[in-house]
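In: show me the folded form of this:
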Amino acid sequence: MKKCSFHIREIITSVANEGIPLDVGGPRDMVVDHLKNIELADEHSLTFYIGRDRVALAHLRQCALFCLPGMAPESDTVTCLLADDPKLAFYIAAQAFTPEPPSPGVHPRQSFIPWRRCIRRPVSDLTASLINAS
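Out: Take a look at the predicted model:
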């Protein structure tokens, strides 16, 4: 099971390990626990913005934002992760929030009944196969 919350330092490190440099503005003690699009971003969310309209950032509070250099919102509670490609940096960081794929094989709650296909036969065929098997 993957972690469900990340300190901003962990996010910065994971993006930097992929070769994307970031400048950080705002509080560095932020913890994020979910992803949201820019319109729905709320407390402790991670989001990104690739536009150049500061009005779109006015509602942000206590979240982490990947954005272009020079586009930091005015709120001092937002951690700004400034990148030349904020969308790519967000996608790299978002991978930490994706669930692990299920392991291959039969699901633990799946019942395996080897005679299941016999049930679908007409009763007379089922009776005949039981008689022939004995």
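In: got the phi and psi for residue 92?
Out: phi -70, psi -50 (degrees, to the nearest 10).
In: equivalent analysis for residue 46, please.
Out: phi -110, psi 130.
In: beta partners of it?
Out: Legend: beta-bridge partners of residue 46 under DSSP bridges are residue 35, residue 64.
In: wait, it sits on residue 93?
Out: Yes. Here residue 46 reaches residue 93: they are 6.3 Å apart, a contact under Cβ atoms under 8 Å. (C-beta placed from N, C-alpha, C; glycine too.)
In: okay, and the common contacts of the two?
Out: By Cβ atoms under 8 Å, 6 or more residues apart in numbering, residue 46 and residue 93 have these common neighbours: 11, 66.
In: for this structure, which spans come out with low pLDDT?
Out: Residues of the chain that meet the criterion pLDDT under 70 lie in 1-3, 106-134.
In: all helices of it, in order?
Out: 8-16, 86-94, 116-119, 123-133 (DSSP state H).
In: ok, now which ones touch residue 66?
Out: By Cβ under 8 Å, 6+ apart, the residues touching residue 66 are 46-49, 81-83, 86-87, 89-90, 93.
In: let's see it at 10 Å
Out: Counting by Cβ atoms under 10 Å, 6 or more residues apart in numbering, residue 66 makes contact with 11, 15, 20, 22, 46-50, 79-83, 85-94.
In: show me which of those are buried.
Out: The neighbour count (16 or more other Cβ atoms under 10 Å) marks 11, 15, 20, 22, 46-49, 79-83, 86, 88-90, 92-93 as buried among the contacts of residue 66.
In: could you pull up the contacting residues of the nearest residue to residue 83 once chain neighbours are set aside?
Out: The shortest distance from residue 83 to any non-neighbouring residue, by Cβ to Cβ, 6 or more residues apart in numbering, is to residue 89 (4.2 Å). The neighbourhood of residue 89, defined by Cβ under 10 Å, 6+ apart, consists of 11-12, 14-16, 18, 20-22, 48, 66-67, 81-83.
In: redo that, cut-off 8 Å
Out: Residue 89 is in contact with 15, 20, 22, 48, 66, 81, 83, counting by Cβ under 8 Å, 6+ apart.
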